[in-house]
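[1] quick one, fold the following:
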Amino acid sequence: MIRGSLGDMRKLTSKERKKKPKRLAENKALPPGVALTQSGRFKVYVRFAQGSRYFGTYDSIEEAAQAVERGKRERSQLKTEKT
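    Numbering: from 1, shown residues only. Predicted coordinates for the structure are as follows:
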């Protein structure tokens, strides 16, 4: 029998199929609200009371972090306007 043939492979259990893939290690080093896209760019989302708002994609972590700060300032301005 040939090693590694299809006959030797076992089927995945339903639990193994449902298991979410592990996040990229690089995502752990990113600021909150910034995620790495498959293309290698950085997308920015900031949470608001009504939900989250998309602030675009950026080429560098620094640009994305600045966008997060802008979003947080905007969010805090909305909070102060409501009160």
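[2] please report phi then psi for residue 35.
    Dihedral angles of residue 35 (phi, psi; degrees, to the nearest 10) stand at phi -130, psi 150.
[3] the one 10 residues further on too?
    The phi and psi values for residue 45, taken as degrees, to the nearest 10, are phi -130, psi 140.
[4] now swap in the one 5 residues further on and tell me
    Dihedral angles of residue 50 (phi, psi; degrees, to the nearest 10) stand at phi -80, psi -10.
[5] how near is it to residue 71?
    Applying CB to CB, to the nearest Å, the value for residue 50 to residue 71 is 13 Å. Every residue, glycine included, has its C-beta placed from N, CA and C.
[6] distance between the ends of stretch 36-56?
    Start-to-end span of stretch 36-56 (CA to CA, to the nearest Å) is 12 Å.
[7] got the buried residues for that stretch?
    By 16 or more other CB atoms under 10 Å, the buried positions in stretch 36-56 come out as 36, 42-46, 55.
[8] also stretch 58-65?
    Quick answer for stretch 58-65 (16+ other CB under 10 Å): 58, 63-65.
[9] contacting residues around the longest helix anywhere in the chain?
    Ordering each helix of the chain by length in residues (DSSP state H) puts helix 61-82 first. For helix 61-82, contacts defined as CB atoms under 8 Å, 6 or more residues apart in numbering pick out 30-34, 42-44, 46-49, 53, 55-56, 58.
[10] just those: which are in strands?
    34, 42-44, 46-48, 53, 55-56, 58 (DSSP state E).
[11] gap between residue 32 and residue 68?
    7 Å.
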